[in-house]
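Q: everything below, folded, please.
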Amino acid sequence: MKTASLFLLVSIALASPARADAPDLLDGVAQLDDANSRALMQREIAGRLARIKGEADLQSYLEANRTTPTPLDLLSPGAKRRFIDSLVFTRNGLGSFTYADIRNELTLSEAYQVLSLFGREATAASIRGIRIESEEDHLISRAAAGLRNTDYMDYWCRTTSTCTRKLEDICVAPGC
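A: Predicted coordinates for the structure are as follows:
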């Protein structure tokens with residue numbers, strides 16, 4: 001795959017007119033090899049800018065939005081409660097959650113909205129069997145394609161850096 005991508009990049013570079021502000025071909029190769037590093041950096045930024053980084057933030061958010069619909073309300077009341085009860089926060093933010101109800105009730109873009117509250121939207125594409133129905137679902141799926149998945153499916157984070165096997169949970173990087 002890397003060879004095919006490199007060939008495509010070289011072909012485009014050779015066919016494109018040279019521009020003074022265009023990156024060097026070698027920069028393009030470095031960018032290609034660095035896609036996973038950029039994805040990890042995006043995860044770090046999303047985590048730092050998350051609305052909900054811990055239990056206190058979660059309680060404040062739920063209280064402030066008691067009468068206002070939130071992405072969490074995309075889940076049925078029972079699924080919402082189970083999801084909230086499954087959340088494990090560490091010093092790095094959301095470290096783990098149960099994904100069964102998300103997979104069973106939401107589309108990929110809806111899961112993305114829910115998980116974006118915690119800065120873990122990239123994890124939505126990791127959920128096996130999640131429905132892809134809308135153009136937004138397809139965009140999210142394509143954006144995640146080919147990137148290394150840093151989440152641990154079917155693992156649970158008890159405390160920082162302690163992923164333990166547990167079906168239908170996700171130990172989220174860099175949260176755990």
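
Q: what mean pLDDT does stretch 106-115 get?
A: For stretch 106-115, the mean pLDDT works out to 97.

Q: correction: the previous question concerned stretch 50-58.
A: 95.

Q: what lies in contact with it?
A: 47, 61, 84, 87, 89, 93-94, 116-120 (CB atoms under 8 Å, 6 or more residues apart in numbering). For glycine as for every other residue, the C-beta is placed from the backbone atoms N, C-alpha and C.

Q: the strands in the chain, which residues?
A: Here the chain has its strands, by DSSP state E, at 88-90, 93-98, 152-157, 163-171.

Q: quickly check the contacts of stretch 50-58 for the two that are furthest apart.
A: Gly47 and Ile84 (18.7 Å; CB to CB).

Q: which one's more surrounded, those two?
A: Taking other CB atoms under 10 Å, Gly47 and Ile84 do not tie; Gly47 has more neighbours (20 against 14).

Q: neighbours of the residue nearest to Ser86 when sequence neighbours are not counted, how many?
A: Leaving aside its chain neighbours, Ser86 sits nearest to Thr98 (3.7 Å; criterion: CB to CB, 6 or more residues apart in numbering). Neighbour count of Thr98, defined by other CB under 10 Å: 20.

Q: and what of the one 5 residues further on?
A: Using other CB under 10 Å, the number of residues around Arg103 comes to 16.
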